[in-house]
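Peer 1: Here's my sequence, what's the structure:
(one chain, ligands or ions: 2)
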Amino acid sequence: MNIRIINKSKNSLPAYETAHAAGMDLRADLDAPIHLKPMERKLIPTGLYIELPEGFEAQIRPRSGLAYKYGIGIVNSPGTIDADYRGEIKVLLVNLSDQVFEINTGDRIAQMVIARHEKAIWQQVEELNETSRGAGGYGHTGVA
Ligand SMILES: O=c1ccn([C@H]2C[C@H](O)[C@@H](COP(=O)(O)OP(=O)(O)OP(=O)(O)O)O2)c(=O)[nH]1
Ligand SMILES: [Mg+2]
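Peer 2: Numbers count the residues shown, from 1 in each chain. Ligands and ions are numbered 1, 2, ... in the order given. Just a heads-up that it's a prediction; the model follows:
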């Protein structure tokens, strides 16, 4: 599908890195390197602006390699880009390691998945259909 995009960054457009990748990697668009101290969080600009069709969202998800090797996560994971948002896409990184993490312009800091979503219309009722699970949750089926 075609999605309108403005690229004010110095990077090329986000791209699928492999043939059937679900996400396109997002690159940082910086004037100077950013240093993320342990437990610090910062909004990282991408220089990208998109116009999603109604009924679609973009999810901003962590990259597993950065998470595993450097403890880099996304505070609000998955971030949600709404179809009516026209501002710059930013990524809220957090450093969960005990080392400073340096981000340079052009670094692939996250990935973005374009997804359909439903628009719910509430049907307010007094009772819900019964199930065998009922209100059980939070591990009520056990561990093993
Ligand atoms: O990781 C993210 C998450 C959000 N956004 C942008 C797009 C999104 O459409 C908007 C609002 O995000 P969200 O609804 O998650 O934040 P909010 O705190 O509810 O803000 P708002 O009151 O503006 O909806 O911010 C990003 O650029 N990156
Ligand atoms: Mg919101």
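Peer 1: beta partners for the residue in the chain that ligand 1 sits nearest to?
Peer 2: For the chain, the residue closest to ligand 1 is residue 79, as judged by CB to the nearest ligand atom, at 2.3 Å. (C-beta placed from N, C-alpha, C; glycine too.) Beta-bridge partners recorded for residue 79 (DSSP bridges): residue 60.
Peer 1: Strands of the protein, start to end?
Peer 2: Here the chain has its strands, by DSSP state E, at 4-7, 24-27, 34-36, 41-45, 48-51, 56-61, 72-74, 79-81, 90-95, 101-103, 108-116.
Peer 1: Tabulate the ones you listed in CSV, adding columns for mean pLDDT.
Peer 2: CSV is the format used below for the strands of the chain (pLDDT from 0 to 100):
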stretch, mean pLDDT
strand 4-7, 98
strand 24-27, 98
strand 34-36, 98
strand 41-45, 98
strand 48-51, 98
strand 56-61, 98
strand 72-74, 98
strand 79-81, 98
strand 90-95, 98
strand 101-103, 98
strand 108-116, 98
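Peer 1: Now tabulate those in JSON lines and tack on mean neighbour count.
Peer 2: Conversion of the strands of the chain to JSON lines gives the following (neighbours: other CB atoms under 10 Å):
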{"stretch": "strand 4-7", "mean neighbour count": "12"}
{"stretch": "strand 24-27", "mean neighbour count": "21"}
{"stretch": "strand 34-36", "mean neighbour count": "18"}
{"stretch": "strand 41-45", "mean neighbour count": "17"}
{"stretch": "strand 48-51", "mean neighbour count": "18"}
{"stretch": "strand 56-61", "mean neighbour count": "20"}
{"stretch": "strand 72-74", "mean neighbour count": "21"}
{"stretch": "strand 79-81", "mean neighbour count": "17"}
{"stretch": "strand 90-95", "mean neighbour count": "21"}
{"stretch": "strand 101-103", "mean neighbour count": "17"}
{"stretch": "strand 108-116", "mean neighbour count": "19"}
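Peer 1: In a markdown table, list the ones you listed along with distance to residue 131.
Peer 2: What follows is the strands of the chain, written out as a markdown table (distance: least, CB to CB, whole Å):
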| stretch | distance to residue 131 |
| --- | --- |
| strand 4-7 | 43 |
| strand 24-27 | 38 |
| strand 34-36 | 44 |
| strand 41-45 | 39 |
| strand 48-51 | 39 |
| strand 56-61 | 28 |
| strand 72-74 | 33 |
| strand 79-81 | 29 |
| strand 90-95 | 36 |
| strand 101-103 | 45 |
| strand 108-116 | 26 |
